[in-house]
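*Asks:* any chance you could fold what I've pasted below:
(one chain, ligands or ions: 2)
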Amino acid sequence: MTAANPIVIAIDGPAASGKGTLSQRIADAFGFAHLDTGVLYRAVGLSVLRAGGDPADNAAAARAARALDPDHPILREVALRTDEAAQAASKVAAVPEVRAALLDFQRRFTQHPPGGAPGSVLDGRDIGTVVCPDASAKLFVTASLEVRAERRLKELRSRGIPAIPSDVLEDMKTRDARDSQRAVAPLRPAVDAFVLDTSALDADEVFARAVDHIGSKTGLRPSA
Ligand SMILES: Nc1ncnc2c1ncn2[C@@H]1O[C@H](COP(=O)(O)OP(=O)(O)O)[C@@H](O)[C@H]1O
Ligand SMILES: Nc1ccn([C@@H]2O[C@H](COP(=O)(O)OP(=O)(O)O)[C@@H](O)[C@H]2O)c(=O)n1
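*Replies:* Ligands and ions are numbered 1, 2, ... in the order given. Now for the predicted structure:
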């Protein structure tokens with residue numbers, strides 16, 4: 001059975017800041033479900049490309065967003081991790097109809113966390129500001145552009161996806177700019193978010209600080 005008011009932890013930040021890594025650890029530690037919302041935008045972008053369309057075409061992007069459901073096989077493809085999918089994602093992400101369709105998807109997840117979990121952790125760009133403004137705790141995870149590009153390069157190579165350092169850095173700059181400057185749900189910390197610069201912190205240190213913050217907001221401690 002799902003709790004009446006499931007807890008939501010919101011984790012936002014720019015590309016490769018460590019949001020996904022932190023979110024999964026928090027979800028595991030507190031027994032919550034995790035939704036990487038970037039995957040939804042990547043799936044919409046990739047669907048449009050696969051159909052031979054242009055991710056900046058509002059109608060095509062909106063159609064793909066409305067067709068996405070939690071069982072769609074594209075959500076599990078390795079191709080979602082490529083720069084091509086990331087760029088397409090940040091284009092469809094500027095389309096208001098896409099954001100509206102994905103808002104419903106995300107809210108359903110928080111209201112009924114899979115597996116009857118008592119709460120959920122969502123990571124993205126606008127979780128604390130738009131998707132879950134009433135989240136129990138909000139974190140904004142960031143790091144310098146150079147550190148983030150280096151992390152993404154290592155990650156892509158470890159997944160067997162070929163990557164050129166200067167391209168990865170440029171991709172990140174372009175997406176940061178597009179995500180921060182768009183009219184709808186731009187990337188920015190919520191006023192009540194705890195901002196965590198991870199440039200000089202390893203994943204364990206980031207996790208420890210996040211647990212302290214979540215504890216101070218909710219009174220909860222990790223159960224695992
Ligand atoms: N604090 C950290 N220090 C070093 N590497 C990290 C840290 N956090 C995450 N990483 C690594 O950086 C890469 C990007 O992290 P990820 O969590 O996917 O970022 P995001 O979800 O913000 O795009 C991954 O390979 C991850 O293992
Ligand atoms: N909540 C979200 C999540 C992602 N996005 C968009 O989707 C793109 C890919 O998101 P992501 O989280 O997978 O990207 P990375 O941080 O992993 O590089 C971002 O550049 C944003 O344009 C968004 O607009 N809102």
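
*Asks:* what comes up buried for stretch 14-28?
*Replies:* 14-23, 25-27 (16 or more other C-beta atoms under 10 Å). The C-beta positions use only the backbone N, C-alpha and C, and glycine is treated the same way.

*Asks:* in the protein, which spans are strands?
*Replies:* For the chain, applying DSSP state E gives strands covering 7-12, 33-36, 119-124, 137-142, 194-197.

*Asks:* could you dump those strands to CSV with mean pLDDT and distance to ligand 2?
*Replies:* Formatted as CSV, the strands of the chain follow (pLDDT from 0 to 100; distance: least, C-beta to the nearest ligand atom, whole Å):
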stretch, mean pLDDT, distance to ligand 2
strand 7-12, 98, 7
strand 33-36, 97, 7
strand 119-124, 98, 2
strand 137-142, 98, 10
strand 194-197, 98, 15
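
*Asks:* turn these into JSON lines, including distance to S158.
*Replies:* Listed next are those as JSON lines, based on distance: least, C-beta to C-beta, whole Å:
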{"stretch": "strand 7-12", "distance to S158": "22"}
{"stretch": "strand 33-36", "distance to S158": "17"}
{"stretch": "strand 119-124", "distance to S158": "20"}
{"stretch": "strand 137-142", "distance to S158": "20"}
{"stretch": "strand 194-197", "distance to S158": "24"}
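
*Asks:* for A149, list the residues it contacts.
*Replies:* A16, P165, V168, L169, M172 (C-beta atoms under 8 Å, 6 or more residues apart in numbering).

*Asks:* please read the previous query as pertaining to D69.
*Replies:* D69 neighbours (C-beta under 8 Å, 6+ apart): F105.
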